[in-house]
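>>> Coordinates for the following, if possible.
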Amino acid sequence: MSGKRITRQQVGLYMKGRAEGQSQAQAAAKAGVSERSARRVEGGDVSVLSGQERHWRTRRDPFAAVWDSEIVPLLKAQPGLTASTLFEALQERYPERYGNGTKRTFQRRVTRWKALHGPDREVMFRQVQEPGRQGLSDFTELKDVVVTIGGAALAHRLYHFRLAYSGWSDVSVVLGGESFTALAEGLQAALWRLGGTPREHRTDSLSAAYRNLTADDQVDLTTRYDQLCAHYGMVPTRNNRGVSHENGAVESPHGHLKRRLAQALLLRDSADFASLADYRTWLDALVVRFNRRCGEALAIEREHLQALPPQRTTDDSEQVVRVTTSSTIEVQRVLYTVPSRLIGERLRLHLYDDRIEAFLGAAPAVTLPRLHARAPARARCIDYRHVIAALVRKPQAFRAAQWRDELLPTPAYRAIWQHLDTHLEARAACKHIVGILAVAAQGDCEQVLGEYLLERFAAAEIPALHTLQQRFAPAAHAPARPLAGGEPQHPLHAYDRLLPSQDRAVEAH
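Okay, here's the model as predicted:
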């Protein structure tokens with residue numbers, strides 16, 4: 001076609017047709033060029049193939065008056081300025097001259113200037129991964145996915161371990177923050193599932209774990225982390241603070257992991273689980289399926305892994321506390337109740353991410369579910385079973401107790417208290433709710449008792465305490481077992497020999 005430049009795409013389409021056996025006329029017709037131009041292409045006319053850059057403008061340059069005098073000096077002085085920021089500054093300075101219709105043109109021009117005259121950009125150097133050399137750990141949050149346990153949102157994050165060579169991964173649920181305990185628990189669980197250890201373990205700078213720690217605590221944390229790696233024969237390394245791409249072998253797969261997890265929840269048609277254990281079991285099975293794709297590479301890597309040590313090492317933190325007269329202890333801004341028999345004792349606590357194990361000397365005393373409170377907030381973990389025996393002896397203390405609401409274990413029991421407080425005299429209401437909690441503890445029937453009481457309340461009935469005790473905790477209130485038949489009863493007059501008068505009578509005789 002006369003007067004129209006032949007494009008490279010047309011040349012490629014023409015040559016493809018010729019290679020497939022088409023005639024010159026057929027190939028030229030399909031490429032949209034004339035037979036004369038086709039002959040010139042086959043003759044090697046370079047002028048047809050090369051597209052010379054246009055040196056003229058099709059319209060007036062809208063930025064000619066400000067580009068060299070205002071924009072370029074700003075780009076040279078502050079290379080981090082974006083095209084959008086510069087364009088908005090131009091609109092404020094010249095509101096009548098630059099409308100939004102020229103913004104895209106300006107952005108392209110800034111991008112081109114930076115590519116030709118801007119500062120050098122950071123280069124990513126792809127690394128050669130060796131089997132068995134490096135494992136990486138990191139934490140990540142599920143920002144766009146809400147997992148619920150029994151309908152209540154679960155505040156958590158994920159610990160992610162990954163082998164750099166094969167891509168094998170392991171994921172653990174973390175209820176607290178990025179702590180040494182969470183890292184140690186997740187890492188050891190991953191290594192024992194893997195069946196071996198890499199030669200190097202890499203993390204980020206663990207800035208979240210160091211936050212709010214004193215200098216001595218930071219040294220202690222570093223020492224414990226080094227000891228953990230030494231136990232497994234791994235060399236600990238960290239990337240530079242704030243340079244996440246240095247941990248790219250695990251940072252980048254975070255996105256793939258979370259997308260696949262979100263898709264799996266959609267396929268499941270629910271993000272609600274009956275318990276935390278069910279969620280962890282489901283997540284473990286999901287990760288096993290993810291790892292199937294790297295089976296061949298993992299088989300190669302396992303041959304280069306180091307053997308596991310004979311046993312695991314410590315993966316918790318320790319703290320010593322004294323139990324107060326209120327039968328409570330405080331751990332990292334969280335108040336916990338413990339059995340009242342421990343009042344006044346000093347307990348050694350082993351702090352895990354999801355639980356606290358308390359020891360009196362070397363003997364296990366109690367295990368508590370762990371809560372996490374972010375400063376400056378505080379929280380309470382109150383278990384009415386720990387103090388119910390004392391509360392039964394003085395039930396009126398319930399009404400003004402500082403953690404009265406936390407003594408009521410579920411919303412059903414809070415509704416029960418409100419009903420009793422409304423329909424009974426004040427002293428009777430306190431005695432009744434304390435008695436109900438005692439029955440729930442003695443009969444281990446918290447849920448069924450709560451449901452039964454709400455049903456009775458709906459029928460305008462408040463069951464008596466002795467009725468509830470007989471129905472839900474009969475063993476705790478059963479009479480003493482009589483002597484079995486056939487067991488002889490010793491004669492009661494035999495006790496007379498213990499009397500002092502009998503001793504004097506024997507002497508006189």
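
>>> Run the chain-centre distance for the strand or helix carrying Phe139.
Applying DSSP states H and E as the criterion places Phe139 in strand 134-140. Once both centres are worked out by CA atoms, centre = their mean, to the nearest Å, strand 134-140 turns out to sit 14 Å from its chain's centre.

>>> can you check stretch 350-369 too?
23 Å.

>>> mind listing what the nearest residue to Asp316 once chain neighbours are set aside touches?
Sequence neighbours aside, His350 is the residue nearest to Asp316 in space, at 4.5 Å (criterion: CB to CB, 6 or more residues apart in numbering). C-betas here are computed from N, CA, C, even on glycine. Going by CB atoms under 8 Å, 6 or more residues apart in numbering, His350 touches 316-318, 356-359.

>>> Check Phe273 too.
By CB under 8 Å, 6+ apart, the residues touching Phe273 are 147-150, 279, 282.

>>> Out of those residues, which sit inside strands?
148-149 (DSSP state E).

>>> Report the rounded mean pLDDT for stretch 140-155.
Across stretch 140-155, pLDDT averages out at 90.

>>> CA-only coordinates of that stretch in CSV, if you can.
Below are the C-alpha coordinates for stretch 140-155, written out as CSV (Å, rounded to 0.1, in the frame of the first residue of the first chain):
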residue,chain,number,x,y,z
THR,A,140,3.1,-13.4,57.9
GLU,A,141,-0.4,-12.2,58.6
LEU,A,142,-3.7,-13.2,56.8
LYS,A,143,-4.9,-9.6,56.1
ASP,A,144,-7.7,-10.5,53.7
VAL,A,145,-8.8,-13.7,55.3
VAL,A,146,-10.8,-13.9,58.6
VAL,A,147,-10.7,-17.4,60.2
THR,A,148,-13.3,-17.9,63.0
ILE,A,149,-13.4,-20.5,65.8
GLY,A,150,-17.0,-21.2,66.9
GLY,A,151,-18.1,-18.0,65.2
ALA,A,152,-15.5,-15.8,66.9
ALA,A,153,-12.6,-14.2,64.9
LEU,A,154,-9.2,-15.8,65.6
ALA,A,155,-6.5,-13.2,65.9
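
>>> thinking again about what came up before, Glu301: which of the contacts of His350 is nearest?
Nearest to Glu301 out of those is Asp316 (CB to CB; 29.6 Å).

>>> SS state for Asp284?
helix (DSSP: H, G, I helix; E, B strand; the rest coil).

>>> Kindly provide the distance from it to Ile356.
Noted for Asp284: a distance of 24 Å to Ile356, by CB to CB, to the nearest Å.

>>> Also Thr111?
The gap separating Thr111 from Ile356 is 55 Å, by CB to CB.

>>> Which helix in this protein has the most residues?
In the chain, assigned by DSSP state H, the helix with the most residues is helix 248-268.

>>> Just want the angle from that one to strand 134-140.
On the basis of axes from the mean of the first three to the mean of the last three CA atoms, to 10 degrees, helix 248-268 is oriented at 50 degrees to strand 134-140.

>>> Check which helix or strand Val219 maps to.
Using DSSP H and E, Val219 sits in helix 215-231.

>>> now that helix, how far from the chain's geometric center?
23 Å.

>>> What of stretch 306-316?
From the chain centre to the centre of stretch 306-316 is a distance of 24 Å (CA atoms, centre = their mean).

>>> Convert it to PDB, retaining C-alpha atoms only.
What follows is stretch 306-316, C-alpha atoms only, in PDB (Å, rounded to 0.1, in the frame of the first residue of the first chain):
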ATOM      1  CA  GLN A 306      22.000 -33.100  58.500                       C
ATOM      2  CA  ALA A 307      20.600 -35.700  60.900                       C
ATOM      3  CA  LEU A 308      18.300 -34.500  63.700                       C
ATOM      4  CA  PRO A 309      19.700 -34.400  67.300                       C
ATOM      5  CA  PRO A 310      18.500 -37.100  69.700                       C
ATOM      6  CA  GLN A 311      15.800 -34.800  71.200                       C
ATOM      7  CA  ARG A 312      14.300 -31.300  70.900                       C
ATOM      8  CA  THR A 313      15.700 -28.400  72.900                       C
ATOM      9  CA  THR A 314      13.900 -25.800  74.900                       C
ATOM     10  CA  ASP A 315      11.300 -23.800  73.000                       C
ATOM     11  CA  ASP A 316       9.700 -21.800  75.800                       C
END
